[in-house]
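Undergrad: based on what follows, work out the 3D shape:
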Amino acid sequence: MLRRRAGATVRDLNRTSSPRSYSQDVPQYHPKVRAIPFAFSKEAAIRHVGVAASAGCLFRDFIGSLGAKYIGGNFQPIQPIRIQPVYFPAWFLDAEVESYLTDEDDERQRIVTAYFNDCYLPGATFGLLGRLALRNDQVETALAVPFSRSLTHQHGSDVICMPYTISPLDVISTTRSSSFTHATTDEEARFEPRFIKTNIEAAYPVLIPLYLIQFPMVRPFESTFVIEAYSRPGRFFVQISSPPELPEEDQFDLEKYIGYDYLFVGDTPSSHAKTRVLAPKYDRNASANVASWFDGLFSEPGGAEKLVHPKSAVGVNMHMDDPRVREWTTEEVKSVQEWMNQGQAIVQLKDVVKNLTSIEGQMQSASVKVTQWPPSSDAKQGLQSVTAGLEAFIKAELDKLQKLEKSRANTAPEWWRKRQEKQTLNQK
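TA: Okay, here's the model as predicted:
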């Protein structure tokens with residue numbers, strides 16, 4: 001369970017023999033790429049993980065590590081063999097898509113709309129780093145700045161900058177070819193990825209600051225500590241290389257804390273996707289299961305590798321010119337997400353109108369019995385009064401729906417509207 005892909009990050013880290021020369025060879029990032037500056041120094045990173053590292057080194061320098069973390073002063077934590085700040089390429093994604101949900105019992109299909117907000121996709125593989133969602137709720141647009149070479153040296157250390165080799169624009173084509181078994185949302189319904197229609201998608205390239213640290217662990221065990229460095233020291237995980245063989249009875253308990261080959265400390269791992277599925281009402285189970293399906297595209301070993309662009313960094317850099325790739329700024333994200341919120345309101349309001357119209361039809365055909373309270377002296381007149389009131393309410397809801405649809409049409413992000421117009425002209 002723990003051996004799969006265990007040594008990937010350690011081996012890749014060891015192959016980078018000269019951090020200084022590597023960091024000077026900075027990738028030619030596209031101007032749309034933004035980066036989150038390192039929030040703390042490598043000394044703060046060592047203090048943060050020192051206690052955990054000491055425990056893995058037979059409690060070497062444990063008192064010093066404990067004092068350095070919680071007291072300060074002259075306490076000295078355990079020192080690593082190596083520590084390297086790294087910018088790991090990532091994508092954040094907002095998207096609204098439509099597809100079919102097939103009910104297994106009668107094979108009845110219904111159109112569903114799925115909203116993906118603040119999703120995380122890896123921009124490269126690099127072993128375990130390509131499988132984890134290295135973003136939590138503290139990551140906000142205000143933290144990011146346009147990338148510049150000045151960011152390759154922070155807090156007195158050179159930063160290794162990894163190139164983008166994965167494009168999120170390939171994800172839709174990949175999901176369309178997913179097997180139905182991978183897209184099953186529950187035992188009674190199946191999501192149809194082959195028929196995905198994209199209403200909008202915006203991908204934001206962001207460089208995530210990380211510290212990779214190796215400590216003198218007891219042989220033959222090795223590990224690499226990875227610290228998310230975009231806010232004050234918080235989450236980190238430990239990738240385990242050559243883990244011990246565990247009795248069967250112990251493996252179940254460890255699964256609460258350990259993934260395939262890593263231990264997450266400080267908080268739980270983030271999901272790759274936040275989804276909301278309307279079918280047309282909000283479907284909590286479908287939302288959770290579509291998020292789980294999306295998460296599985298990347299979190300499973302080998303998942304990210306399937307998305308590597310055939311032309312590697314050169315190909316991804318060309319994709320950056322696509323208008324769907326946006327700078328991760330408050331203005332850009334707000335315009336997309338507000339437009340998507342209008343879409344949710346429209347889908348739900350259409351469902352309300354549909355249900356009310358159905359009730360009205362049943363009342364007129366006398367297929368349902370209408371009970372009035374207080375009882376009317378003239379039942380026929382009372383029914384007409386109720387019907388008239390329902391008609392007025394439906395008309396008001398239709399007016400509201402028309403205004404919402406007009407507002408959504410007029411407030412679509414300019415870049416998306418132009419892209420749709422261009423596609424329409426090309427189809428003629």
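
Undergrad: so where do the strands sit in this protein?
TA: Assigned by DSSP state E, the chain shows strands spanning 34-35, 82-103, 109-122, 145-146, 153-154, 157-158, 160-161, 189-214, 222-228, 236-241, 262-265, 274-278.

Undergrad: ranking those strands by burial, who's on top?
TA: strand 222-228 (a mean of 25; mean count of other Cβ atoms under 10 Å). All C-beta spots, glycine's among them, are computed from the backbone N, C-alpha and C.

Undergrad: which one of the strands of the chain lies nearest to His319?
TA: Closest approach to His319 among the strands of the chain (Cβ to Cβ): strand 189-214, 8.9 Å.

Undergrad: Pro37 contacts Thr152, doesn't it?
TA: No: with contacts counted by Cβ atoms under 8 Å, Pro37 stays clear of Thr152, the gap being 11.4 Å.

Undergrad: for Ala144, which non-adjacent residue is spatially closest?
TA: Once flanking residues are discounted, Ala144 sits nearest to Arg34: 4.1 Å by Cβ to Cβ, 6 or more residues apart in numbering.

Undergrad: ok, that neighbour - contacts?
TA: Ala144, Val145, Pro146, Phe147, Tyr204, Pro205, Val206, Leu207, Glu327, Trp328, Thr329 (Cβ atoms under 8 Å, 6 or more residues apart in numbering).

Undergrad: just flag the most distant two among those residues.
TA: Farthest apart among the contacts of Arg34 by Cβ to Cβ are Leu207 and Thr329. That separation is 14.7 Å.

Undergrad: just for the stretch 51-200 of the chain, where's the confidence low?
TA: Scanning the stretch 51-200 of the chain for pLDDT under 70 picks out 102-108, 170-194.

Undergrad: can I get the contacts of Arg34 in TSV with distance to Glu414?
TA: Below are the contacts of Arg34 laid out as TSV (distance: Cβ to Cβ, whole Å):
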residue	distance to Glu414
Ala144	22
Val145	24
Pro146	21
Phe147	24
Tyr204	17
Pro205	20
Val206	22
Leu207	26
Glu327	14
Trp328	18
Thr329	15
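
Undergrad: out of those residues, which is nearest to Asp321?
TA: Pro205 (12.1 Å).

Undergrad: so how far is Ser287 from that closest one?
TA: Pro205 sits at a distance of 26 Å from Ser287 (criterion: Cβ to Cβ, to the nearest Å).

Undergrad: gap between the closest residue to Arg47 other than its chain neighbours and Leu263?
TA: Computed as Cβ to Cβ, 6+ apart, the closest residue to Arg47 that is not its neighbour in sequence is Ala68, at 4.7 Å. Distance of Ala68 to Leu263, computed by Cβ to Cβ: 21 Å.

Undergrad: same check on Gly67?
TA: 24 Å.

Undergrad: gap between the closest residue to Asp118 other than its chain neighbours and Gln337?
TA: Closest residue to Asp118 apart from its sequence neighbours, by Cβ to Cβ, 6+ apart: Lys274 at 5.5 Å. Using Cβ to Cβ, one gets 11 Å for the distance from Lys274 to Gln337.

Undergrad: with Lys350 instead?
TA: 20 Å.

Undergrad: what does Lys422 give?
TA: Taking Cβ to Cβ as the measure, Lys422 and Gln337 are separated by 23 Å.

Undergrad: these two: which is more packed in?
TA: Gln337 (16 against 11; other Cβ atoms under 10 Å).

Undergrad: thanks a lot, catch you later.
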